[in-house]
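> quick one, structure for this:
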Amino acid sequence: MTGVSPLPELRYPTLVELFSSARALAARGPALCTLRQVGVSRAGRPLHLLSVGHARRAVLVVAGAHANEPTGGRTLLALAERVLHEEELRDGTSWHFLLCADPDGASLHVTPAPRSLLEYHLGFFRPAGPEQPEWSPAVLPPDRLPPETRALTGVIDELRPYLQVTLHGTDLGGSWVQLTRDIPGLAEPFAKSAAELHIPVETGASDAAGWPASGPGVHVMPEPGADAVHPSMPDDARQSTWYHTHRYGGLTAVVEVPMWASDLVDDPAPHPAPAAAMRRLAHRLLRDALEVERALADARPRLEGVDGPLLRSARWALELIPGLAADWLRTPPADATMAYVGSVDAFGRRLPLRAAAMLLRVLRESDDRAAPRLERLVATWSDAFAERFRARWVPLEHQVEHQSRTVVAAALHARERPV
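Take a look at the predicted model:
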C-alpha cells in the first residue's frame, strides 16, 4: 500500500500533552513566559495562550483551528521553544501561542500517529462550517458565534498583532501559504525551505484559484468585493477571523503543510484539456457523494434521535457537494495548470471520503448494519487516493521544520512591511 508512514513512533501531541509541554516551557522561563486561560469551548474545555516576551508589538500563532490538521500543535511547541532561546526573535516583539483553537474538535479526531491514509480517515473528524472557530463568522450572525471564536477574536483585540499566523495542513498534497495582505520577500525563504525538505509547493491550490500570487505557492487573498473562488460555498475567507487583524493594521498568514506529499500538485505546465478534466471530476464527485447518500438514507431510520458532531459534519459535507460540482462545471480558469487540476482532483476525492469516514464512525458506534458498506468505501477510496497521487509520507520533523521556518520568515518580513 502506498501512503504509509514509516515513522509511527513520531506522533502528533494530544491536548493534554500540548498543555503539559507549554506549562513546562513556561516554568523554564518564568521571567519571559506566561500561560493563561483565555476562554472555554462549548463543552467546557479550556483554551490556553502561551506568551513569550513582553513587547507591545506582537505575533499571534494559532494551532488547532481544524481538528484534522494536527501538525500545528507540534509546530507551535517547536516555535515557542525557539523563541524562548533565540533572543533576536524577541527583539522588540512578543510571541503569543494559542495552543488549540478548537479543543472539542481535537478530542474527536483520533489519529495521533496515522500510518496510512486509511488509518487517518478511520479516526477522522472535521466540524461543520458553523462550528469551526475561524470560519463561523462567515456563516453565522455575531450573536451566534461559538465561544471559541469569541475567545480568539478577544485575544486579537487584546494583542493587536501585526501578524497572526494560523497553522493549517492537508492530508495529501503540497505546501502553500495564504495571506490576507502581501508580505514582500516571503516567497523566497518559503520556496527554499520546501525544496530543502523535499516538500512540494502546491502552485495551483484550488482554495486560491484566481488569486494574485507573490511567488509560487504564496497566494494573496482578493480584496473584499471580489468574486468568490467557489460561488456556491457558504463561507468566505474574507469574513473569517483571519481578517479581524486588519482593524489593527495587521494581517494573517495561513501556512499549510502536507502529511503526505504528492509531486502532482506542483506542476506549473498548462493543462491540455482543463474543461474536459473539470467535467470528469465534477461527475465523479457527484457519483461518489451519491454512494454516501445512499448509505445514509439506508441508515437514517435507525439513526432517529442521533445528532452528534460527527453526523452533523458528514451531512454538512454532503450538502456542499452539488453546488461545488456546479462550480466546477462552469468555465475553468483560462490558465488552468496541471497543478490546479490536480488540486481539484484531490479535493474532489477528499470531500465524499471525509463524509463517508465520519458517517462510518457514527454507524460503528451503533453497530449499524450499513457500516460494512461504508467500510469498503472508505478503504477503497483511501487506497485509490494514495495510489493516484503517489503519496509519500513527509517525516513529521520535516512538516514541523518547514512550518516553523515559514512562520519565522513571515514574522521577520511582515515586521518590515509598510502599514
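> burial of residue 365, as a residue count?
13 (other CB atoms under 10 Å). All C-beta spots, glycine's among them, are computed from the backbone N, C-alpha and C.
> how far away is it from residue 302?
Residue 365 sits 12 Å away from residue 302, going by CB to CB, to the nearest Å.
> again, but for residue 273
As judged by CB to CB, residue 273 and residue 302 stand 45 Å apart.
> just residue 71 next, same as before
Per CB to CB, residue 71 is found 37 Å from residue 302.
> among these two, which residue is more densely surrounded?
residue 71 (24 against 12).
> could you check the pLDDT of the more buried one?
The confidence metric pLDDT takes the value 96 at residue 71.
> any stretches of the stretch 251-400 of the chain with poor pLDDT?
The model of the stretch 251-400 of the chain has pLDDT under 70 over residues 332, 334.
> swap in 80 and give it another go.
305-306, 331-335 (pLDDT under 80).
> packing partners of the helix or strand hosting residue 290?
Take DSSP states H and E as the rule and residue 290 turns out to sit in helix 274-299. Applying 3 or more CB pairs under 8 Å, 6 or more residues apart in numbering; DSSP states H and E, we find helix 274-299 packed against helix 309-329, helix 338-365, helix 371-388.
> how far away from the center of its chain is the last one?
It refers to helix 371-388. A distance of 22 Å separates the centroid of the chain from that of helix 371-388, by CA atoms, centre = their mean, to the nearest Å.
> contact partners for the closest residue to residue 148 other than its chain neighbours?
Excluding the flanking residues, the one nearest residue 148 by CB to CB, 6 or more residues apart in numbering is residue 133, at 4.0 Å. Residues near residue 133 by CB atoms under 8 Å, 6 or more residues apart in numbering: 65, 101-102, 146, 148-149, 152, 241.
> list buried residues within these.
65, 101-102, 146, 148-149, 152, 241 (16 or more other CB atoms under 10 Å).
> any buried residues in the helix holding residue 290, and which?
274, 277-278, 281-282, 285-286, 288-289, 291-293, 295-296, 299.
> one more: stretch 244-256?
By 16+ other CB under 10 Å, the buried positions in stretch 244-256 come out as 244-245, 250-256.
> out of those residues, who's nearest residue 333?
Among the buried residues of stretch 244-256, residue 256 lies closest to residue 333 (CB to CB), at 20.0 Å.
> does the closest one count as helix, strand or coil?
strand (DSSP: H, G, I helix; E, B strand; the rest coil).
> and if you look at the one 4 residues further on?
Classification of residue 260 using three-state DSSP returns strand.
> please apply the same query to residue 34.
strand.
> that one touches residue 50, doesn't it?
Yes. With contact defined as CB atoms under 8 Å, residue 34 and residue 50 form a contacting pair (7.5 Å).
> related to what we said a few turns ago, now the buried ones among the contacts of residue 133 as a markdown table including distance to residue 375 and pLDDT?
Formatted as a markdown table, these follow (distance: CB to CB, whole Å; pLDDT from 0 to 100):
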| residue | distance to residue 375 | pLDDT |
| --- | --- | --- |
| 65 | 30 | 96 |
| 101 | 31 | 98 |
| 102 | 27 | 98 |
| 146 | 32 | 96 |
| 148 | 32 | 98 |
| 149 | 35 | 97 |
| 152 | 37 | 98 |
| 241 | 37 | 95 |
